[in-house]
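In: just the structure for this:
(one chain, ligands or ions: 1)
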Amino acid sequence: MKLTDEMVSILNQQIIMESEAASFYLYMASWCEVSGHEGASEFFYKQSDEERMHMLKIVHYVNRLGIIADISTIKEPPKDLTSLEEIVKAALENEQKVTKSIHEIITLAEKERDRRTFDFMQWFVKEQIEEEDTVDRILQKFDVIGRDKLAINEIDKYMKSVSDQNSESSTE
Ligand code: FEO
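Out: Coordinates of the predicted model:
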């Protein structure tokens, strides 16, 4: 079964969204590294790599169906973030946007009875639940631990431990 034009277009939008997420997280990682948040920096470098992997997964999916991915409209990441909390909030908002977009692809796949794309997207549904939960837990730490320098340092360490755990589970 061939993909419809509407499905190709929505999958291309998703490729762009994942690629933009990779750039956004790379900017966040760089901001954190320069600001002395080493744990957070490590966390976002890994997130950026993961987003690139998500993008490639969809690129390969459309390529295998004979379609060249269209990445012509990738935007620069927003660069007006000034604190670790703001960055984590922006990351959560970004993940929520991605989840919504994944669900739109699934809705279209159901409407078109496109079983192949529906099945392919299930991995992303699970991944989004995990990613949103991870970032949400980090954000909660600001209320639980605080926002002074010591608290931020603790949150930074927590982000490093999350990043290390994610690396372990991805190599298991
Ligand atoms: Fe691939 Fe976290 O969105």
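In: buried set for stretch 157-164?
Out: 158-160, 162-163 (16 or more other C-beta atoms under 10 Å). All C-beta atoms are positioned from the backbone trio N, CA, C, and that covers glycine.
In: cool, stretch 80-96 as well?
Out: 81, 84-85, 87-92, 94-95.
In: inside strands: which ones of these?
Out: In this view, the buried residues of stretch 80-96 have no member that belongs to strands under DSSP state E.
In: of all the residues you listed, which comes closest to E110?
Out: Comparing those against E110 with C-beta to C-beta picks out E95 as the nearest, at 22.6 Å.
In: does the ligand have contacts with the worst-scoring helix or strand of the chain on mean pLDDT?
Out: Within the chain, confidence by mean pLDDT, DSSP states H and E is lowest for helix 149-171 among all helices and strands, at a mean of 91. No: Helix 149-171 does not reach the ligand (C-beta under 6 Å from any ligand atom); its nearest approach is 12.1 Å.
In: quick one: the nearest residue to F120 once chain neighbours are set aside and M55, what's the gap?
Out: Once flanking residues are discounted, F120 sits nearest to Y61: 5.7 Å by C-beta to C-beta, 6 or more residues apart in numbering. Computed with C-beta to C-beta, to the nearest Å, the distance linking Y61 and M55 is 11 Å.
In: same check, this time on L139
Out: Relative to M55, L139 is positioned 24 Å away (criterion: C-beta to C-beta).
In: which residues of the chain fall in helices?
Out: 5-34, 38-64, 84-111, 115-145, 149-171 (DSSP state H).
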